[in-house]
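Asks: Fold the following for me, if possible:
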Amino acid sequence: MEQKIHQGRNVKRFREMLGIKQEALAFDLGQEWNQKKISLLEQRDIIEEDMLRQISAALKIPVEAFQNFDEEQAINIISNTFHDTQGLINYNPSFNNSPIDKIVQLHEEKIALYERMLKEKDDMMARLEKLISQ
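Replies: Residues are numbered from 1 along each chain as shown. From the prediction side, this is the model:
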């Protein structure tokens, strides 16, 4: 038995993955759209090609993603591909940059900035004194 792909559910999944609310998608689709219409659209098994193209443009996701994405199939592929997760996870990560070294570097940059600002202030004062004494 062939599993049917629920296009409305796929629209909802991708919209939520992008962090876009139904109201925002409705706004992008035009004045005749509102949150309720988006909710009803996401409940439909099949969505018209033209409508999918509009949603695709609004979400910047290919139409094929809505038409072909099958969550069960994706889970099966992932579960059949990765058997040994022990080797994939590094429980003792090492970092090349020490946080203390980064703080010291930022502090040195701040001191250099202050020194440049003081030099510019001294230069400005010298120019002003020169202008006043003329």
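Asks: Relative to Glu129, how far out is Arg53?
Replies: Distance, Arg53 to Glu129, using Cβ to Cβ, to the nearest Å: 70 Å. All C-beta atoms are positioned from the backbone trio N, CA, C, and that covers glycine.
Asks: again with Pro62
Replies: Per Cβ to Cβ, Pro62 is found 67 Å from Glu129.
Asks: how distant is stretch 103-113 from the center of its chain?
Replies: Distance of stretch 103-113 from its chain centroid, counting by Cα atoms, centre = their mean, to the nearest Å, is 31 Å.
Asks: average pLDDT for the helix of greatest length in the chain?
Replies: When the chain is parsed with DSSP state H, its longest helix is helix 99-133. For helix 99-133, mean pLDDT rounds to 89.
Asks: Now do the buried residues in it.
Replies: Residues of helix 99-133 include none that count as buried (16 or more other Cβ atoms under 10 Å).
Asks: so where does the residue nearest to Pro62 when sequence neighbours are not counted fall, helix or strand?
Replies: Distances taken as Cβ to Cβ, 6 or more residues apart in numbering place Ser56 nearest to Pro62, at 6.3 Å, with adjacent residues excluded. According to DSSP states H and E, Ser56 maps onto helix 49-59.
Asks: Can you mark which positions in that helix are buried?
Replies: Residues of helix 49-59 classed as buried by neighbour count (16+ other Cβ under 10 Å): Leu52, Gln54, Ile55, Ser56, Ala58, Leu59.
Asks: Distance of the second one relative to Val63?
Replies: What that stands for is Gln54. Distance from Gln54 to Val63, by Cβ to Cβ: 10 Å.
Asks: do the same with the first one
Replies: Leu52 is 5 Å from Val63, where distance means Cβ to Cβ.
Asks: ok, now the third one?
Replies: Using Cβ to Cβ, one gets 8 Å for the distance from Ile55 to Val63.
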